[in-house]
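1. quick one, what's the 3D model for this:
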Amino acid sequence: MAPTLPKGEPVVTTRTPSSTGSVGEMSSAPFSRRRLLAGGGILAASGALAACGSGTTGVPPASAPTDDPWTSPRTAVIRGVRVPTADWGTAVIDGVRVAVADWVIAENRRPGTLDWILGGYPPAGQHLEGFASATSVATGGKVDLMVNCTDTSYRIEAYRMGFYQGYGGRLIAKSPTLKGVVQPPAKVDATHGTVECPWNVSWTANLRGWPPGMYLFRLISASNWQQWIPFVVRQVNESTSAYVLMSAVTTYQAYNAWGGWSLYKDESGAASKRASIVSFDRPYLQSWEQGAADFFGNEFPVLYDMERHGLDLDYWTDIDLHLRGELLKNHQSLWSTGHDEYWSSEMRDHATVATKAGTNLAFLGANAIYRKIRLAPSTFGAARTEICYKSPADPVTASNPAASTVDWGSPPVNMPACELTGSTYISISADDDLTITDPQGWFWKGAGVREGQHLSKVVQGEYNRYIPGQSGPSSVQLFGHSPVTKQGSWSDITYITRPSGGGVLSTGMASWVYKMSNSSTIPAPMVPDPIPGITPILLRSMLNLYGLFGTGPASATQPAQSNWKNYYR
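-> Take a look at the predicted model:
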């Protein structure tokens, strides 16, 4: 039988002693089932930090810590051996040992709220929209928000997203009431389809005292128009957290059509005239999850589950992998979520070096590392401009073929994603069952599944498969081999390991993350309810993955057991 899992219930974990002494037990009281609250959610938790300083800068309360607990390294190298320090330990959850952090456990014990959920939209011809000066900033720093508002006034609330007893978010800070300002018109380079907003700073958020995490800035106008701005607070560079959860903002931006242009179409909607250069210096469309872009469908369920378990987390965007990815080898694993299509050479190089050194990589979607990009600065900072011609028409192709922004597997680059991921992107529009393979393997341990078992309609949308003879490792273990019936193809869950290095798991389907959704407190239009008989199985396999990928190079304990010949004959 498949394991049963209460819908969104908090887990109880017993911590093992760290190197500096024992740690306590993590437990939480059960939360209520779905609560649809008229007027926009429950009251903000009394423990939330209210940063309501004068002027345009959020000032944390006097009680904010000077030395935040999350800024200390989780491990230290002593005589060449990496050992745990005070804030790092392990927990055994349903028989699986995972790496946990005291501060994540404590943070998710704090009262959550549903107030992060949005309500009203601006009427036609009116605007409430904005963007941040960076996709991520380290704890203790500052970030500028640029907001265009045609209402008389508005305010900004910052919510850290996570588990929080099933409510999904906690109010961390808020601005004073700000005057509505109509910002200057966007600058449009029609030759490249580039839309940039030379907007003035509306509010500067002081991040001192803000825990690392994935955030949503909630804009609320005097007339109750609302919009989100996604943002990440990462740990300082000395972090050695076991898990790095990465937000795929370069893919967000590729699909963002604010101002009429994206990497898929121009202002008329014609794909033949799509942009070749897009900018982070603009909002996300109101019509795209009210500014949250891909966050809820492709990222939030993983964040929710990881924080539910109190895992030892750091939080990046893929811009961080590009700019400071040499730090990845200091972590046990990198977690790519549901749609992570656009990668620069720097991103790929950093991930490749890290996995050879022992860092594990989890690709929880499909179509990862398919489009090759370059990143360039803007007036707001580094890596704010995304370049992708999707063809040899890229002006650099003749002089520097390796830098050309063709698809990764196309000439003159010829570096298909499967060389790193073990999995090849095939197509879209799958709508099929997940078929279980190798149920005795580590991935399905404790899930109660059998060989050939079908999980109904789990494989949906884009999908990947293993192709015998493809570039990359040939020792490939399949944990799923699912017919995509209308296209005569397959979707595969693949697992590979590097000699003396990390493991790489690819789910091979774009729908995996969405099917992980596991809250019955957050309204279903925002986050779907768990699927009986399916979600518990997926979450159990994720727990196994957290255990293997969070505690060292996977090749050392679970080298891939090649079985693909059992399924491709």
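2. for the residue nearest to W261 when sequence neighbours are not counted, what are its contacts?
-> Leaving aside its sequence neighbours, W261 sits nearest to G193 (C-beta to C-beta, 6 or more residues apart in numbering; 3.8 Å). Bear in mind the C-beta positions are built from the backbone N, C-alpha and C, glycine included. Each residue near G193 by C-beta atoms under 8 Å, 6 or more residues apart in numbering is listed here: 261-262, 266, 273-278.
3. and for R465?
-> 423-424, 426, 489-492, 508.
4. which helix runs longest in the chain?
-> helix 535-549 (DSSP state H).
5. what mean pLDDT does that one get?
-> Throughout helix 535-549, pLDDT has a mean value of 98.
6. before we move on, what about stretch 375-392?
-> Per-residue scores along stretch 375-392 average to 97.
7. can you give me the buried ones in that stretch?
-> 375, 378, 380, 383-390, 392 (16 or more other C-beta atoms under 10 Å).
8. contacting residues around that stretch?
-> Contacts for stretch 375-392 (C-beta under 8 Å, 6+ apart): 133-134, 144, 194, 196, 198, 250, 253-254, 263, 274, 276-281, 319, 322-323, 342, 344, 346, 371-374, 394, 404-407, 411-412.
9. the stretch 451-569 of the chain: strands as residue ranges?
-> In the stretch 451-569 of the chain, the segments counted as strands under DSSP state E, counting those that start in this stretch are 454-465, 477-484, 489-497, 503-506.
10. columns mean pLDDT and distance to Y546 on top of the ones you listed, output as JSON lines?
-> Output for the strands of the stretch 451-569 of the chain, formatted as JSON lines (pLDDT from 0 to 100; distance: least, C-beta to C-beta, whole Å):
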{"stretch": "strand 454-465", "mean pLDDT": "98", "distance to Y546": "20"}
{"stretch": "strand 477-484", "mean pLDDT": "98", "distance to Y546": "15"}
{"stretch": "strand 489-497", "mean pLDDT": "98", "distance to Y546": "15"}
{"stretch": "strand 503-506", "mean pLDDT": "98", "distance to Y546": "11"}
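11. quick one: which of those strands is nearest Y567?
-> strand 477-484 (4.5 Å; C-beta to C-beta).
12. kindly export that closest one (C-alpha atoms) in CSV.
-> Provided in CSV are the C-alpha atoms of strand 477-484 (Å, rounded to 0.1, in the frame of the first residue of the first chain):
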residue,chain,number,x,y,z
GLN,A,477,19.0,4.1,-13.7
LEU,A,478,15.3,4.6,-14.5
PHE,A,479,12.8,5.0,-11.7
GLY,A,480,10.0,5.8,-14.1
HIS,A,481,9.4,4.8,-17.8
SER,A,482,6.1,6.2,-18.9
PRO,A,483,4.5,6.0,-22.4
VAL,A,484,3.5,9.3,-23.9
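13. what residues of it count as buried?
-> By 16+ other C-beta under 10 Å, the buried positions in strand 477-484 come out as 477-482, 484.
14. which one of the residues you listed sits closest to W564?
-> Nearest member of the buried residues of strand 477-484 to W564, counting by C-beta to C-beta, is L478, at 5.4 Å.
15. for D394, see how far away that closest one is.
-> 36 Å (C-beta to C-beta, to the nearest Å).
16. out of the contacts of R465, which are buried?
-> 423-424, 426, 489-492, 508.
17. turn those residues into CSV, including distance to P473.
-> CSV is the format used below for those (distance: C-beta to C-beta, whole Å):
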residue, distance to P473
S423, 11
T424, 13
I426, 19
S489, 21
W490, 18
S491, 19
D492, 14
G508, 15
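18. ok, those residues vs I93, which is closest?
-> Using C-beta to C-beta, these come closest to I93 at G508, 25.5 Å.
19. just to revisit the earlier point, PyMOL command to pick out the buried ones of the contacts of stretch 375-392?
-> Selection of buried members from these for PyMOL, criterion 16+ other C-beta under 10 Å:
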select buried, resi 133+134+144+194+196+250+253+254+263+274+276+277+278+279+280+281+319+322+323+342+344+346+371+372+373+374+394+404+405+406+407
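20. what count of nearby residues applies to A393?
-> 11 (other C-beta atoms under 10 Å).
21. and it, what element?
-> Per DSSP states H and E, A393 falls between elements, in no helix or strand.
22. check what pLDDT the most centrally placed residue in the chain gets.
-> The centre of the chain sits closest to S247, judged by C-alpha atoms, centre = their mean, with a distance of 3.3 Å. We have a pLDDT of 98 for S247.
23. wait, isn't it in contact with L216?
-> No: using C-beta atoms under 8 Å, S247 is not in contact with L216, being 11.6 Å away.
24. okay, and the common contacts of the two?
-> Contacts common to S247 and L216, judged by C-beta under 8 Å, 6+ apart, are 230, 295.
25. which residues touch the residue nearest to the centre of the chain?
-> For S247, counting by C-beta under 8 Å, 6+ apart, the contacting residues are 135, 214, 230, 232, 295, 299, 315-318, 337.
26. which ones among the residues you listed map onto strands?
-> Using DSSP state E, 214, 230, 232, 315-317 are the members of these that sit in strands.
27. still on that earlier bit, ok, of the contacts of G193, which one's closest to T435?
-> S262 (35.0 Å).
28. count the neighbours of that closest one for me.
-> Neighbour count for S262, taken as other C-beta under 10 Å: 21.
29. quick one, grab the pLDDT at it.
-> For S262, the predicted pLDDT is 96.
30. about what we covered before: now, among the buried residues of stretch 375-392, which is nearest to Q126?
-> Looking across the buried residues of stretch 375-392 and measuring by C-beta to C-beta, the closest to Q126 is F380, at 25.4 Å.
31. would you list the buried residues of stretch 375-392 in a markdown table and tack on secondary structure and distance to W225?
-> Listed next are the buried residues of stretch 375-392 as a markdown table, based on DSSP: H, G, I helix; E, B strand; the rest coil; distance: C-beta to C-beta, whole Å:
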| residue | secondary structure | distance to W225 |
| --- | --- | --- |
| L375 | strand | 32 |
| S378 | strand | 27 |
| F380 | coil | 25 |
| A383 | strand | 31 |
| R384 | strand | 26 |
| T385 | strand | 29 |
| E386 | strand | 28 |
| I387 | strand | 33 |
| C388 | coil | 33 |
| Y389 | coil | 37 |
| K390 | coil | 36 |
| P392 | coil | 44 |
